[in-house]
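1. what follows is a predicted structure for the sequence shown.
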Amino acid sequence: MPFLADSDRKRLARDIVLNAVEWRRSENHSGSGFLGMLAAENHSGSGFADCQGTASVNTLNYRAVDDAIIAELRTIVGDSRVLVDGDVVEPYSHDEVVGLRGRPEAVVRAASAEQVSSILKLAQRARIPVTPRGAGYGLSGGAVPVVGGIVLSLEKMNRILEIDKANLMVTVEPGVITGDIHRAVEAEGLFYPPDPASLDSCTIGGNVAEGAGGPRAVKYGVTKDYVCGLEAVLPSGEIIQAGGKLVKNVTGYNLIQLLVGSEGTLAIVTKIILRLIPLPKVQVDVLVPFGKFQDAADTVSDIIAHRILPTAIEFMERDSILAVERLLRRDVPFHDAEAHLLIQLDGNTQEAVDADYEVVSELCLAHGAEDGLVARDRPMRERLWEARRKIIESLRHESPISHMEDVVVPRAGIAVLLGGIKAIAHQHAVRIVSFGHAGDGNVHVNVLKDDLSFDRWAEVVPLVQVEIYRLALSLGGTLTGEHGIGATRRRYLSMALDEAQITLQRGIRDVFDPNRILNPGKIFP
């Protein structure tokens with residue numbers, strides 16, 4: 001079986017450009033497609049999708065997936081769970097990053113930890129890269145097979161194994177849809193708080209791999225705060241059990257928290273034990289418009305200063321609201337307001353929630369709120385949240401070519417961050433629409449191509465990206481709060497981490513995976 005020749009590796013290294021070429025194996029080293037950035041063919045890319053075979057990847061001798069490997073994979077999982085045909089594997093070539101593609105040579109849909117183990121042992125022996133995949137709803141290219149090889153899909157491992165009401169724990173497989181966990185435990189009067197925007201589509205395994213957050217992070221935290229136990233398969237194929245149904249555990253290094261957020265580069269998680277809490281009995285949601293974003297930002301700070309911790313505090317700029325209106329073809333409440341806050345409060349008694357609501361209402365009015373809508377039942381709540389949940393869809397409807405960042409800053413710095421982003425947009429004559437989590441400082445920044453030429457788009461987006469990062473870092477923030485580094489931000493990692501930290505993290509990766517077969521081309525430049 002052929003290896004990549006030095007000449008091919010050098011050619012690939014030269015081809016590290018932004019949305020400009022499709023990388024393929026040469027005819028002498030044919031495969032189903034290595035490093036396939038297809039955006040140049042159809043001009044559908046974000047302008048800087050960073051699907052790149054950098055030196056750290058190119059120096060590795062990965063082997064092609066040939067007929068003998070396919071036969072072994074079929075022996076492990078069965079014929080029907082090994083996919084090789086182009087049309088069938090195409091959905092596994094991308095995630096939600098617009099224009100980023102990497103064609104897998106084979107897709108294997110495992111059904112157990114033992115199958116995952118056997119696949120990794122085969123890949124280790126043959127030196128074939130493996131990209132783990134949940135549902136493919138990531139926003140950093142983490143599940144994109146940027147160096148070809150095998151995509152190992154966990155979509156068939158989708159069982160809720162146990163809801164343990166005595167210990168307030170739920171045990172699940174990685175392919176379970178996050179929203180299904182919510183519904184299952186809430187039917188038992190229990191609560192799993194993390195709520196990423198794609199909760200009805202994304203999987204819990206992907207949430208663990210990326211360290212996913214969501215609107216409720218301001219009060220309840222993010223995925224890492226609820227993972228108590230993991231079953232994981234190391235790149236060697238060894239299966240480990242870390243943690244369990246334990247509230248306290250300081251036995252050795254905390255491998256659980258090392259694996260959470262490691263973006264599939266250290267191990268493949270095959271079972272997850274999540275901590276639950278009692279389901280709050282009362283909830284109220286309030287949509288509040290403001291004439292100035294600074295007033296909205298000051299309101300958030302004042303609410304926190306009054307020792308009230310809402311379940312969620314989301315913000316939306318007017319441009320995002322108007323985009324939703326155009327998508328829905330109907331008015332959205334308070335569409336003329338410069339900024340909206342969507343505030344959710346919850347608790348176990350009506351009296352306690354009402355008391356917090358009264359204080360929040362007074363603070364909003366004191367900071368210039370123009371009006372407000374209150375939702376105390378599910379239909380009204382869905383109406384209030386509709387605009388927030390439709391923002392990404394509406395922006396992609398208006399500009400199919402776009403790029404999203406999710407920088408995070410201390411929450412008191414959001415107003416300065418947004419002002420700086422507007423200045424960046426004006427300087428480069430590009431449309432940028434921002435929204436996100438005012439309560440935890442995480443801002444989703446959407447750079448839209450609109451009618452810019454492809455040449456101008458390819459030129460301007462990297463400049464905007466770097467300036468946004470510099471701005472966030474100057475405010476004490478960092479590059480990403482939820483979406484991860486993945487393939488799209490790896491070249492910028494050194495802006496946020498010094499060389500000592502990067503070297504240490506590379507060393508950790510190499511202890512787990514010295515041959516770097518597991519999700520190569522991610523995180524590290």
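-> Perfect, I can see it now.

2. quick one: buried residues of the host helix or strand of Cys364?
-> Element membership for Cys364, per DSSP states H and E: helix 350-366. Residues of helix 350-366 classed as buried: 353, 356-357, 359-361, 363-364 (neighbour count, 16 or more other C-beta atoms under 10 Å). From N, CA and C alone the C-beta is placed, and that goes for glycine too.

3. quick check: next helix or strand after that helix?
-> Of the helices and strands lying after helix 350-366 in sequence (DSSP H and E), the nearest is strand 373-375.

4. show residues contacting that following strand.
-> 284-287, 333-334, 357, 380-381, 383-384 (C-beta atoms under 8 Å, 6 or more residues apart in numbering).

5. 7 Å instead?
-> 284-287, 333, 381, 384 (C-beta atoms under 7 Å, 6 or more residues apart in numbering).

6. in strands only, show me the residues you listed.
-> Judged by DSSP state E, the subset of the contacts of strand 373-375 located in strands is 284-287.

7. now the buried members of the contacts of strand 373-375.
-> 284-287, 333, 381, 384.

8. re earlier: mind telling me the two of the contacts of strand 373-375 farthest from one another?
-> Spanning the widest gap among the contacts of strand 373-375 are Val284 and Pro333, at 16.3 Å by C-beta to C-beta.

9. show me the contacts for the closest residue to Lys292 other than its chain neighbours.
-> Nearest non-adjacent residue to Lys292, counting by C-beta to C-beta, 6 or more residues apart in numbering: Glu338, 5.6 Å away. By C-beta under 7 Å, 6+ apart, the contact set of Glu338 is 290-293, 318.

10. of these, closest to Leu255?
-> Of the contacts of Glu338, the one sitting nearest to Leu255 (C-beta to C-beta) turns out to be Phe293, at 42.2 Å.

11. OK, contacts around the closest one?
-> Residues in contact with Phe293 (C-beta under 7 Å, 6+ apart) are 317, 338-339, 415, 418.

12. looking at those residues, which are in helices?
-> The members of the contacts of Phe293 that map onto helices under DSSP state H are 415, 418.

13. so which residues of the stretch 251-400 of the chain form helices?
-> Secondary structure of the stretch 251-400 of the chain by DSSP state H, counting those that start in this stretch: the helices cover 255-259, 293-305, 318-328, 350-366, 378-398.

14. rewinding a little: any of the contacts of Glu338 buried? List them.
-> 290, 293, 318.

15. I'd assumed Ala369 was in contact with the first one.
-> Yes - judged on C-beta atoms under 7 Å, Phe290 makes contact with Ala369 at a distance of 5.9 Å.

16. could you list the single helix or strand in this structure with the lowest mean pLDDT?
-> helix 39-42 (a mean of 31; mean pLDDT, DSSP states H and E).

17. what secondary structure does the residue lying closest to Pro91 once chain neighbours are set aside sit in?
-> Excluding its sequence neighbours, the residue lying closest to Pro91 (C-beta to C-beta, 6+ apart) is Gly136, at 7.2 Å. Classification of Gly136 by DSSP: H, G, I helix; E, B strand; the rest coil places it in coil.

18. compute the number of surrounding residues for Gly136.
-> 21 (other C-beta atoms under 10 Å).

19. per-residue confidence for it?
-> On pLDDT, Gly136 comes in at 96.

20. was I right to think it contacts Asp95?
-> Yes - contact criterion C-beta under 7 Å: Gly136 and Asp95 qualify, at 4.8 Å.

21. which residues are in contact with each of these two?
-> Counting by C-beta under 7 Å, 6+ apart, the residues touching both Gly136 and Asp95 are Ala143.

22. endpoint to endpoint, stretch 231-243 covers what distance?
-> 9 Å (C-alpha to C-alpha, to the nearest Å).

23. now swap in stretch 218-234 and tell me
-> For stretch 218-234, the end-to-end distance is 33 Å (C-alpha to C-alpha).

24. that one - what's its average pLDDT?
-> The pLDDT scores in stretch 218-234 average 98.

25. strands of the stretch 1-150 of the chain, start to end?
-> With DSSP state E, counting those that start in this stretch as the criterion, the stretch 1-150 of the chain has strands at 82-83, 106-109, 130-133, 150-153.
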